[in-house]
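**Student:** give me coordinates for this.
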Amino acid sequence: MMRKLLEGKYGLVFFTGVALGIYMLSTFLPGKLDLTADRRYTISDPVKKLLRNLPEQVKITVLLEGEKLPAGVKKLRTSTEATLRTYRDLSRGKLRYRFMEPEDFM
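**Tutor:** Numbering: from 1, shown residues only. Model (predicted):
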């Protein structure tokens, strides 16, 4: 039955629908799936425990803001913000961050 569906004229439509459905479901689920061999994007349990048990508010200022940032720095800014957003969520709002231009920091 499955082989007939895959080889039939609706096979591509079926797989496109399944892929689209998985994508739509994944946008509603929290977290990320780390498929790297060295688990590069996985937050370790000690870091999670530390973030959950912060005794007081922690404020981080990141000097990666500006109109004229090179493409590589913009990519670094985006990944830094994603990581900090995850940390903020794990800390239950006790970790706060902001991005500033280096010139405005002085």
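
**Student:** in the lengthiest helix in the chain, what's buried?
**Tutor:** Using DSSP state H to define each element, the chain has its longest helix at helix 71-90. Neighbour counts over helix 71-90 (16 or more other CB atoms under 10 Å) mark R77, L84, T86, Y87, R88, L90 as buried. Where C-beta positions appear, they are placed from N, C-alpha and C, glycine not excepted.

**Student:** got TSV for the residues you listed, with distance to L12 and pLDDT too?
**Tutor:** Below are those laid out as TSV (distance: CB to CB, whole Å; pLDDT from 0 to 100):
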residue	distance to L12	pLDDT
R77	38	93
L84	40	94
T86	36	90
Y87	41	93
R88	41	94
L90	41	92
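
**Student:** helices along this protein, start to end?
**Tutor:** Under the criterion DSSP H, helices of the chain are mapped to 2-7, 11-28, 45-52, 71-90, 102-105.

**Student:** where among these is average confidence lowest?
**Tutor:** The weakest mean pLDDT among these belongs to helix 2-7, with a mean of 65.

**Student:** okay, now the nearest residue in space to V58 that is not next to it in sequence: neighbour count?
**Tutor:** Nearest non-adjacent residue to V58, counting by CB to CB, 6 or more residues apart in numbering: L95, 4.8 Å away. By the measure other CB atoms under 10 Å, the count of residues near L95 is 19.

**Student:** how about F99?
**Tutor:** Neighbours of F99 under the rule other CB under 10 Å: 15.

**Student:** I'd say it and E65 touch.
**Tutor:** Yes. Using CB atoms under 8 Å, F99 and E65 qualify as a contacting pair, with a distance of 4.2 Å.

**Student:** between those two, what contacts are shared?
**Tutor:** By CB atoms under 8 Å, 6 or more residues apart in numbering, F99 and E65 have these common neighbours: R77.
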